[in-house]
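Novice: My questions are about this predicted structure, shown below with the sequence.
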Amino acid sequence: MTKVGIAVFPGSNCDRDVHHVLNNVVGLQADFIWHTKDRISGYDAMIVPGGFAFGDRLRAGIIAAHSPIVSEIKRMARDGTPVLGICNGFQILVESGLLPGALMMNDSLRFVCRWTKVKVQNNETPFTSEFSKRQEFDIPVAHGEGRYMVDSKLLKDLKKNNQIVLQYSNDDPNGSVSLIAAVCNEDGNVMGMMPHPERASEPIISATGKNDAITIFKSLADYLKGK
Amino acid sequence: MARIGKFLVQVIIENKPYINDPEGETIHRDLVVKGGYSTVKSVRSAKMLKMVVSAESEAEAEKTVQKLCDDLRIFNPIVSVCTIKAARQD
């Protein structure tokens, strides 16, 4: 049985939502792993969920990026294990150096919490393989520091390497360069996204009644099955 | 021989020039210029940390703080720069 680990930090608050979706909706076994754990074995994928790890002190994600579990996640990522960071998890993966760039204060200087749409630009990652290319789907965002930023050289590299996975398609919630909502590493096994697929995986909690965002987790389930 | 002393080290973290700064722009446009200070041509916001460091000299205190800023990623080098300045406290 494949197993997914969910990293939990002081201040994580989307960990239980991800746990519920994986265990009860998608049918993957998922466990919580506390951030002090310095040796992880027996897990086939890792998810770093949203929240406010360490209260976003200094800069969202930076303190969590130095925790023991993140050292383990880095080791697992190097070995090809799929790693998904959602919202604060994306910030943690960026600050740990697993993903390029920076996530800065939204250009509105306000916390944004609303439903938006994203378009799939790369459907070759373990988290997007079940989408069709350029498929659009509904998903909510909820963040203060979600403005994805890279310099022009890094942006060229991201485009060349097909590392832009999702782009906002009808809305600009935060001022991200090129409307970037999700990026992956060069190998494609590490992905970070600002929107929350775990809050859009069941019609009952979807503002539009659509739950296509569940395809993020279904893609992962499919990838792990085929391993 | 230099004596060990305490130094106040100021670390200013600011965005690189290519990153726009909506906070600084709003302070400039809606507060400073509207308040009549039209000779002020721009405002950039930044974050400052103050660290008290034991060292033998200003240079040594600055070197320690520069190293920790790089090692611990006190600033994200993709978008920010940091300026470090030490002054003897005692």
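Specialist: Received the coordinates, thanks.
Novice: per-residue pLDDT, residue B:1?
Specialist: pLDDT for residue B:1: 60.
Novice: which parts of the one helix or strand residue A:221 maps to are buried?
Specialist: Assigned by DSSP states H and E, residue A:221 belongs to helix A:215-225. By 16 or more other C-beta atoms under 10 Å in any protein chain shown, the buried positions in helix A:215-225 come out as A:215-221, A:223-224. From N, CA and C alone the C-beta is placed, and that goes for glycine too.
Novice: May I have the phi/psi pair for residue A:185?
Specialist: The phi/psi pair for residue A:185 (degrees, to the nearest 10) reads phi -80, psi 180.
Novice: oh sorry, the question was meant for residue B:73
Specialist: When quoted as degrees, to the nearest 10, the phi and psi of residue B:73 stand at phi 50, psi 50.
Novice: for the chain, what spans make up the strands?
Specialist: Just so you know, I chose chain A. Along chain A, counting by DSSP state E, strands occupy A:3-8, A:29-34, A:45-48, A:83-86, A:102-104, A:112-120, A:136-143, A:147-149, A:164-168, A:180-184, A:190-193.
Novice: you looked at the wrong chain, it should be chain B
Specialist: Counting by DSSP E, the strands of chain B are B:5-15, B:46-55, B:80-88.
Novice: contacting residues for residue A:213?
Specialist: A:137-139, A:195, A:197, A:199-201 (C-beta atoms under 8 Å, 6 or more residues apart in numbering or on different chains).
Novice: Let me know how buried residue A:23 is, in neighbour terms.
Specialist: 14 (other C-beta atoms under 10 Å in any protein chain shown).
Novice: One more: residue B:59?
Specialist: 11.
Novice: Identify the spatial nearest neighbour of it, chain neighbours not counted.
Specialist: residue B:86 (7.8 Å; C-beta to C-beta, 6 or more residues apart in numbering or on different chains).
Novice: Am I right that that neighbour is in contact with residue B:6?
Specialist: No: in this structure, residue B:86 is not within contact of residue B:6 by C-beta atoms under 8 Å, at 10.2 Å.
Novice: Can you name the residues of chain A that neighbour chain B?
Specialist: A:58-59, A:62, A:65-66, A:94-95, A:100-102, A:104-105, A:107-109, A:149-152, A:154 (C-beta under 8 Å from any C-beta of the partner chain).
Novice: ok, residue A:179 to chain B distance?
Specialist: Per C-beta to the nearest C-beta, to the nearest Å, residue A:179 is found 16 Å from chain B.
Novice: Same check on residue A:18?
Specialist: 26 Å.
Novice: got the contact list for that residue?
Specialist: Here residue A:18 is in contact with A:6, A:30, A:47, A:49, A:86, A:198 (C-beta under 8 Å, 6+ apart).
Novice: neighbours around residue A:43, how many?
Specialist: 20.
Novice: For the residue positioned nearest the centre of chain B, which non-adjacent residue is spatially closest?
Specialist: Central residue of chain B (C-alpha atoms, centre = their mean): residue B:12, 1.1 Å from the mean position. Distance criterion C-beta to C-beta, 6+ apart; nearest residue to residue B:12, sequence neighbours excluded, is residue B:83 at 4.6 Å.
Novice: just checking, what's the longest helix in chain B?
Specialist: helix B:58-71 (DSSP state H).
Novice: Can you get me a residue count around residue A:129?
Specialist: Neighbour count of residue A:129, defined by other C-beta under 10 Å: 17.
Novice: distance of the residue nearest to it when sequence neighbours are not counted from residue A:213?
Specialist: Spatially, and ignoring its direct neighbours in sequence, residue A:129 is nearest to residue A:219 (4.6 Å; C-beta to C-beta, 6+ apart). Residue A:219 is 11 Å from residue A:213, where distance means C-beta to C-beta, to the nearest Å.
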